[in-house]
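Novice: Structure of the sequence below:
(2 chains)
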There are 2 protein chains.
Amino acid sequence: MQLEIISIGDELLIGQTTNTNAAWMGEQALRSGLQCSRVHTIGDDPAVLRAVLDEVLGRVDLVWITGGLGPTQDDRTKDALVGYFGCAVALHAPTLAGIEAYFAHRKLPMLEVNRQQALLPTGPRTAILSNPRGTAAGMWFETDRGQVVVAMPGVPSEMQGLLLEEVLPRVRTRWPMPHRPQRTVRVHGVGEAYISNRLGEWETALAARGVAIAFLPHLGSVRVRFSTVAADATVGEALLDQVCSEFVGQIGPAAYSTSDEPLAQVVGAQLLARSERLAVVESCTGGALAAALTAVPGASRYFLGGVVAYDAGIKSLLADVDPGLLEAHGAVSEPVALAMAQGGRRRLGADWVVATTGAAGPDAAPGPQGGPPVPVGTVVIAVAGPGTHAARAFTLGAPARHTRAQRIERWVGDALDRLRQEISAR
Amino acid sequence: MQLEIISIGDELLIGQTTNTNAAWMGEQALRSGLQCSRVHTIGDDPAVLRAVLDEVLGRVDLVWITGGLGPTQDDRTKDALVGYFGCAVALHAPTLAGIEAYFAHRKLPMLEVNRQQALLPTGPRTAILSNPRGTAAGMWFETDRGQVVVAMPGVPSEMQGLLLEEVLPRVRTRWPMPHRPQRTVRVHGVGEAYISNRLGEWETALAARGVAIAFLPHLGSVRVRFSTVAADATVGEALLDQVCSEFVGQIGPAAYSTSDEPLAQVVGAQLLARSERLAVVESCTGGALAAALTAVPGASRYFLGGVVAYDAGIKSLLADVDPGLLEAHGAVSEPVALAMAQGGRRRLGADWVVATTGAAGPDAAPGPQGGPPVPVGTVVIAVAGPGTHAARAFTLGAPARHTRAQRIERWVGDALDRLRQEISAR
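Specialist: You can find the predicted model right below:
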């Protein structure tokens, strides 16, 4: 079942806004068994919209439109569609009540242009889709050939709510489709080529089992997506459970989540389960490691915080790193990383401490006394843990093509992954 | 002069990749005086590409295509275009030399499929555009009616280099256009409506002076873009200098950059000019404030690092905050923020310290002893400075609709902006 998307908005054409809605809708379509075959991005121009609709309805039976439903003069999608389908409009009481409640809740005055958003198409081949997140309702039109055109606002949260709660359920009723369960396994520290090579014939045999596999690599991590098509949802889910379990068995501990969770959340769950607490002593990651950990809601239950030791003096001052060690080995070295982790652990009262030191660029970092400089991209990560856990350090690199920002993001992943594996191994 | 863009790639249709290329190209078009009137996103399918080209060349004289130029079997754009324009192909020696050098530099084996990337269209109405960043050259085709179709790879850095260095200069030669200079002024802490109201008739009069104004708001900051059209570049630049200067005069210190620089860079330049050094003591921003500062290359010249005091104990341990103060006033309070900034300044040996404490959610933060909790979104920022500078604290809020991540990003901007204004005022 094919679908085309029409994204409306001058701001999309001049690059003021990136069209993230189309990507999100394309993924939802895929998950629902629909295939998005084209996306049309056009300006707020009723004549262009009409021409695109004529063209698209000659190819497919389902069209999703976003944008141009706001209250201002440059929002012209509603009038254009009402004209195109030749509908009457009428005041839609539930939508008006919703708009009034929206303004009352925010203690804002409601204007006549907002009231006009409740003037909506009416008739046997239309439906109004409730949008509790905003003031622009969704609209559903059917052609006399049974084709469906849905219009949604362009605000991402409003479009997403409408698509998941109103549009997809109606589409499934209108065109019953098989289930398309999917699972995403996350892997860190090994590449797509390594994974594929390791899987060998098992990967080839997936197709015969009705399972598709896709690799989505990003800065040291790979998301591996498995999907299948099943008349019975339970059967499909059980097949994917089995496939994910086989996959993890072959890839081993590099696979860190079978439910598409980020590393910081997986580490958080490990710590919560053990009632242990974490702190960081970060140099090259400059705060980004702590920021990734605190991005998880509820992180305060296991994350204490820590030290951003960007300057060498702070490493000594707050993490007890011996200045002689810095001089003898250079800041980007295993002895210094170990001292940061162990010193931080003593000072901060945490069970686990992860420390980072590296050469983020643009310049190489000074090396050990009398030695060569440390090339850009090198990072040393150290993990110190509770009880008899021996602190360990790991020296890793990042590809030369990376930017400074990419290097930092990759090192944050590397640090969280080393921590995860040290916690698991203990 | 109108232009349409064709983005090719199955990954764009299933939402695996967001179409950031189209937004970037749309902005470049606008800056060059071209108008992108439509974007077509399609799969790797030569028949669809031919049909779209037929349609687009019936409307406009310039077409930019990205994607489908890689070495693998699903990259079919080159063959489709060679067929569409009926060109011959020949081995393009400079491109082959570039590909060989690319693999030699990376010490990777070069495959036959890579060599075939140097088989390129040839003939009077074609040109090959050099891509030093990758192995897929750009291609320029002209129709017998003088229309131009340009194909570029989909890798963003390669497309951007080709567009700026090869495509736009040739387009300007082919269709001479007036200059379109532009300036972006950044403003923090006041909204779009406030700015517009403040500008009053001055804003209205801009059109008569030939200057367009656009507002691009994002989490507490607004980028205000001025552009003009001028036959003489010097005249246009001078007009925009004058307009920016008038704008800053009316908006005052909330305007922090007339050259579109981020706040962290502006603060860095202030500190460098004064040879002063900065540290942070951050609670609610959880590392994101330090990460924004260290994202600027060369930050180590003025940024020492600091403390992520997520847990109350760390606030006392590393920033000397009196536990009694925390209990009496609650962690999200001006006395605690001031103590964090002043304690951090004493401990870390920095000239300036900025401290953050707030309720990031999902739950409200505990309030003072016996008092009500602090609502989600509240933040207290304190700035302590050198010499006779009196530490100051500021209590701010964030809109209720914000997510946790948006709140943190906004608070980072608020903290950097308060710091900037305190440094300026001293």
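Novice: ranges for the strands of the stretch 201-350 of chain A?
Specialist: Along the stretch 201-350 of chain A, the segments classed as strands by DSSP state E, counting those that start in this stretch run A:211-218, A:221-228, A:255-257, A:278-282, A:303-308.
Novice: With respect to chain B, which of the ones you listed lies nearest?
Specialist: Distance to chain B, taken as C-beta to the nearest C-beta, is lowest for strand A:303-308 among the strands of the stretch 201-350 of chain A, at 3.6 Å. Quick note: C-beta positions are derived from backbone N, CA and C, even for glycine.
Novice: Starting from that closest one, tell me which strands it pairs with and how they run.
Specialist: strand A:278-282 (parallel), strand B:303-308 (antiparallel) (DSSP bridges).
Novice: okay, the ones you listed in a markdown table with mean neighbour count, distance to residue A:410 and mean pLDDT next?
Specialist: Shown next, in a markdown table, are the strands paired with strand A:303-308 (neighbours: other C-beta atoms under 10 Å in any protein chain shown; distance: least, C-beta to C-beta, whole Å; pLDDT from 0 to 100):
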| stretch | mean neighbour count | distance to residue A:410 | mean pLDDT |
| --- | --- | --- | --- |
| strand A:278-282 | 31 | 14 | 97 |
| strand B:303-308 | 30 | 20 | 96 |
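Novice: can you redo those as JSON lines with distance to residue B:119?
Specialist: Formatted as JSON lines, those follow (distance: least, C-beta to C-beta, whole Å):
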{"stretch": "strand A:278-282", "distance to residue B:119": "49"}
{"stretch": "strand B:303-308", "distance to residue B:119": "51"}
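Novice: Give me the secondary structure label for the closest residue to residue A:32 other than its chain neighbours.
Specialist: In space, and not counting its chain neighbours, residue A:32 is closest to residue A:168: 5.8 Å by C-beta to C-beta, 6 or more residues apart in numbering or on different chains. Three-state call for residue A:168 (DSSP: H, G, I helix; E, B strand; the rest coil): helix.
Novice: per-residue confidence for residue A:168?
Specialist: Looking at residue A:168, its pLDDT is 96.
Novice: Hmm, residue A:28 and it touching each other?
Specialist: Yes. With contact defined as C-beta atoms under 8 Å, residue A:168 and residue A:28 form a contacting pair (7.0 Å).
Novice: so what sits against both of those two?
Specialist: Common contacts of residue A:168 and residue A:28, defined by C-beta atoms under 8 Å, 6 or more residues apart in numbering or on different chains, are absent altogether.
Novice: Between the two ends of stretch A:257-266, how far is it?
Specialist: 7 Å (C-alpha to C-alpha, to the nearest Å).
Novice: List the contacts of that stretch.
Specialist: For stretch A:257-266, the external contacting residues (C-beta under 8 Å, 6+ apart) are A:183-186, A:188, A:221, A:223, A:244, A:248, A:256, A:292-293, A:295-296, A:299, A:413, A:416-417, A:420.
Novice: Repeat the analysis, applying 6 Å as the threshold.
Specialist: The contact list for stretch A:257-266 (C-beta atoms under 6 Å, 6 or more residues apart in numbering or on different chains) reads A:184, A:185, A:186, A:244, A:256, A:292, A:293, A:296, A:416.
Novice: One more: stretch A:301-318?
Specialist: Contacts of stretch A:301-318 (C-beta under 6 Å, 6+ apart): A:268, A:271-272, A:277-283, A:286-287, A:293, A:319, A:321, A:323, A:326, A:350, B:290, B:303-306, B:308-311, B:314.
Novice: Phi first, then psi, for residue A:124.
Specialist: Dihedral pair for residue A:124: phi -70, psi -30, per degrees, to the nearest 10.
Novice: how near is it to residue A:143?
Specialist: 12 Å (C-beta to C-beta, to the nearest Å).
Novice: which of the two has more neighbours?
Specialist: residue A:143 (15 against 7; other C-beta atoms under 10 Å in any protein chain shown).
Novice: Grab the nearest non-local neighbour of residue A:303.
Specialist: residue A:293 (5.0 Å).
Novice: What residues does chain A have near chain B?
Specialist: Within chain A, the positions lying close to chain B (C-beta under 6 Å from any C-beta of the partner chain) are A:13-15, A:18-20, A:23, A:26-27, A:30, A:36, A:38-39, A:41-42, A:286-288, A:290-291, A:294, A:297, A:303-306, A:308-311, A:314, A:362.
Novice: Which ones among those residues map onto helices?
Specialist: Counting by DSSP state H, the residues of chain A next to chain B place A:13, A:20, A:23, A:26, A:27, A:30, A:288, A:290, A:291, A:294, A:314 in helices.
Novice: So which residues lie in contact with stretch A:220-228, not counting its own?
Specialist: Identification of contacts with stretch A:220-228 by C-beta under 6 Å, 6+ apart yields A:182-188, A:192, A:210-216, A:236, A:239-240, A:243, A:410, A:413.
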